[in-house]
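A.B. asks: using only what follows, build the 3D model:
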Amino acid sequence: VERSRIVDPLSMLPSRVGLSRLSIGRVELVRADSRTSLTEGLTIKSGRWAMSIEIPFSLGDALRNELSLYWVGELLGRIRFVSLSESPNGVVLEVPEERTFETMYDDQGRILFPDLMLNAGRGTLELRVSDELGRVTTQNWNIVVQ
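C.D. replies: Down below sits the predicted model:
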């Protein structure tokens, strides 16, 4: 049966209380066949990158509902998990463009921002992860892009 409406998957969960805050695990920048762990003071080349994000999950943790990525205060990308819908290609998310659920993850099961443009400069790369309760966990890295 095909459905033509967007469903908030969190609305299907039973009431949950006492949920733990999300934590951010390993974050890597990926280009061609190389992976670089994102660390404070990192120097990288400008251009197109992908970012792989590990968010460990255990029973009792709140669920993530949005990831936002900023470079020097400018929004680079956003992934919202609160807008699942069906399409001829399967289950899709609006992130804000439509992407199939399977393309949201890399080959290691980590969340993937697939196409980020990092311009030359020195500044802060900031990752924000919000959970189902509206709490926001952030991680910042001061990096140099040459």
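
A.B. asks: can you list the low-confidence ranges for this protein?
C.D. replies: Within the chain, the segments meeting pLDDT under 70 span 1-17, 96.

A.B. asks: tell me which residue is most central in it.
C.D. replies: Leu67 (4.2 Å; C-alpha atoms, centre = their mean).

A.B. asks: can you pull the contacts of the nearest residue to that one once chain neighbours are set aside?
C.D. replies: If the residues on either side of it in the chain are set aside, Leu67 comes closest to Ile79, at 4.6 Å by C-beta to C-beta, 6 or more residues apart in numbering. Just so you know, the C-beta spots here come from the backbone N, C-alpha and C atoms, and that holds for glycine as well. Contact analysis of Ile79 by C-beta atoms under 8 Å, 6 or more residues apart in numbering lists Glu66, Leu67, Leu93, Val95, Met104, Ile111, Phe113.

A.B. asks: out of those, which comes closest to Trp49?
C.D. replies: The nearest member of the contacts of Ile79 to Trp49, counting by C-beta to C-beta, is Phe113 at 8.5 Å.

A.B. asks: I'd like the distance between the closest one and Asn65.
C.D. replies: If you measure Phe113 against Asn65 using C-beta to C-beta, to the nearest Å, the figure is 16 Å.

A.B. asks: about what we covered before: you'd agree the residue nearest to the centre of the chain is in a helix?
C.D. replies: No - counting by DSSP: H, G, I helix; E, B strand; the rest coil, Leu67 is not found in a helix; it is strand.
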